[in-house]
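# Sequence first, then the predicted structure:
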Amino acid sequence: MQEGGRSIHDAVRFLIDSPRTRETFKPGGGELAWIEFYARRFPESPAKDLLAAAAFNRWLGGGATVYAAPVR
């Protein structure tokens with residue numbers, strides 16, 4: 001889906017290309033937990049490069065890395 005010629009992928013690219021993203025968000029921190037789900041859905045995305053540690057977010061119920069893992 002696009003709005004005004006832009007998509008969620010454009011927003012993600014904007015965020016991960018920002019030099020402040022790597023300074024502000026700590027690996028494994030809850031602020032980046034959404035990337036676990038995004039990277040699972042779109043594995044070709046460079047967003048997965050921000051996943052240096054397992055993400056934990058108490059508002060999502062704990063370990064986002066576990067929740068986003070594929071079911072086997």
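Now that the structure is in, tell me what you want to look at.

# Nearest residue to I16 in space, ignoring adjacent ones along the chain?
Nearest non-adjacent residue to I16, counting by Cβ to Cβ, 6 or more residues apart in numbering: A47, 5.5 Å away. Glycine gets a C-beta too; all of them are placed from N, C-alpha and C.

# What's the end-to-end length of stretch 64-72?
For stretch 64-72, the separation between the terminal residues is 17 Å (Cα to Cα, to the nearest Å).

# Return the distance of that stretch from the chain's centre.
Distance, stretch centre to chain centre, for stretch 64-72: 14 Å (Cα atoms, centre = their mean, to the nearest Å).

# buried ones in that stretch?
64-65, 68 (16 or more other Cβ atoms under 10 Å).

# For T21, see how far away Q2 is.
Using Cβ to Cβ, to the nearest Å, Q2 is found at 23 Å from T21.

# can you check I8 too?
16 Å.

# same check, this time on M1
24 Å.

# The two - which one has more neighbours?
Using other Cβ atoms under 10 Å as the criterion, M1 and T21 rank with T21 on top: 14 against 4.

# Can you get me a residue count around E31?
Around E31 there are 12 other residues, counting by other Cβ under 10 Å.

# And for the one 10 residues further on?
Using other Cβ under 10 Å, R41 is surrounded by 9 other residues.

# so what pLDDT did it get?
Model confidence at R41, given as pLDDT, is 89.

# Kindly provide the distance from it to R58.
From R41 to R58 the distance is 23 Å (Cβ to Cβ).

# cool, and S18?
25 Å.

# what sits against the residue nearest to the spatial centre of the chain?
For the chain, the residue nearest the mean C-alpha position is I35 (1.2 Å; Cα atoms, centre = their mean). Shown in contact with I35 (Cβ atoms under 8 Å, 6 or more residues apart in numbering): 47-48, 50-51, 55.

# before we move on, which element is it in?
Secondary structure assignment for I35, by DSSP states H and E: helix 33-41.

# thinking again about what came up before, can you flag which of the buried residues of stretch 64-72 belong to helices?
Per DSSP state H, helices hold the following members of the buried residues of stretch 64-72: 64-65, 68.
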